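Chemist: All I have is the shape, not the residue letters:
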């Protein structure tokens, strides 16, 4: 370890604690009672009036899935369906063959993905964070929004945010039951999931709508400049 690194880290921690202490004192919470603060926020959110929901998302569950697929495909994502989680590896292998991509991928260490037999899909996977050179990355979506065809990715040890951006082709797995009509429904689920684990919201929540794209001053659209060039979504119909 570099000499002095430990002492600098301690000094930075002390400075951070001092700054946060002044903030807590200024806001009337010198004890830093996070549980009380979270309870107050939860109470305020529970009593709020929900925003207006578009009529087009007042649908039954199956119709929400159809709307999600329609919206996702409109922004150049591709979608395939499987019946059970055990069918996911073969569906991914089929997608890679259709794109003439190598049958290998970096895969997020999510429990749902760990239980799948990837070798059955004639694939080679490495459970690790992605690297710049990875052609394919696979992770598990927290949910999706039918209104806009958007994937909701909650960051955590089992779902690193870098998996959403570094691989050239991003493959996300989501259950049909996790496709919500609008954004407020997803945020409700995120808060409930956090409370169930005794935690706050995830450090990062990425909303992904279609492939990465950008346009220059001449309005020429480019894909894959700031993220994956291809986005494929595998929807699991059953648990």
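Modeler: Okay, I see it. Predicted model, so just to flag it, every value in this text is computed and none were measured.
Chemist: Every contact and neighbour count from this point should use C-alpha atoms.
Modeler: OK.
Chemist: the strands in this structure, which residues?
Modeler: 78-82, 104-107, 124-127, 136-140, 143-145, 150-154, 169-175, 179-180, 205-208, 213-215, 221-223, 230-236 (DSSP state E).
Chemist: Beta-bridge partners for the spatially most central residue of the chain, please?
Modeler: Central residue of the chain (C-alpha atoms, centre = their mean): residue 153, 0.8 Å from the mean position. Per DSSP bridges, the residues bridged to residue 153 are residue 206.
Chemist: Now do the contacts for it.
Modeler: Contact analysis of residue 153 by C-alpha atoms under 8 Å, 6 or more residues apart in numbering lists 140, 141, 142, 143, 159, 161, 205, 206, 207, 208.
Chemist: one more time with 10 Å
Modeler: Neighbour list for residue 153: 139-144, 159-161, 163-164, 172, 202, 204-208 [criterion: C-alpha atoms under 10 Å, 6 or more residues apart in numbering].
Chemist: what about residue 89, distance to residue 222?
Modeler: Computed as C-alpha to C-alpha, to the nearest Å, the residue 89 to residue 222 distance reads 30 Å.
Chemist: Settle it for me: which of those two has more neighbours?
Modeler: Set side by side, residue 89 and residue 222 show more neighbours around residue 89, with 21 against 13, by other C-alpha atoms under 10 Å.
Chemist: Per-residue confidence, residue 1, what does it come out as?
Modeler: At residue 1, the model reports a pLDDT of 48.
Chemist: returning to that earlier point: would JSON lines of the strands of the chain with mean pLDDT be doable?
Modeler: Shown next, in JSON lines, are the strands of the chain (pLDDT from 0 to 100):
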{"stretch": "strand 78-82", "mean pLDDT": "98"}
{"stretch": "strand 104-107", "mean pLDDT": "96"}
{"stretch": "strand 124-127", "mean pLDDT": "93"}
{"stretch": "strand 136-140", "mean pLDDT": "97"}
{"stretch": "strand 143-145", "mean pLDDT": "97"}
{"stretch": "strand 150-154", "mean pLDDT": "97"}
{"stretch": "strand 169-175", "mean pLDDT": "98"}
{"stretch": "strand 179-180", "mean pLDDT": "96"}
{"stretch": "strand 205-208", "mean pLDDT": "96"}
{"stretch": "strand 213-215", "mean pLDDT": "79"}
{"stretch": "strand 221-223", "mean pLDDT": "77"}
{"stretch": "strand 230-236", "mean pLDDT": "98"}
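Chemist: CSV please, covering those and showing distance to residue 39.
Modeler: Converted to CSV, the strands of the chain look like this (distance: least, C-alpha to C-alpha, whole Å):
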stretch, distance to residue 39
strand 78-82, 39
strand 104-107, 36
strand 124-127, 37
strand 136-140, 29
strand 143-145, 25
strand 150-154, 22
strand 169-175, 30
strand 179-180, 25
strand 205-208, 21
strand 213-215, 40
strand 221-223, 43
strand 230-236, 35
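Chemist: which stretch among the ones you listed comes nearest residue 25?
Modeler: strand 205-208 (29.4 Å; C-alpha to C-alpha).
Chemist: And that closest one, what does it pack against?
Modeler: strand 143-145, strand 150-154, helix 183-196 (3 or more C-alpha pairs under 10 Å, 6 or more residues apart in numbering; DSSP states H and E).
Chemist: Which other helices and strands does the last one contact?
Modeler: Just to be clear, that refers to helix 183-196. Using 3+ C-alpha pairs under 10 Å, 6+ apart, the elements in contact with helix 183-196 are helix 34-46, strand 143-145, strand 150-154, strand 179-180, strand 205-208.
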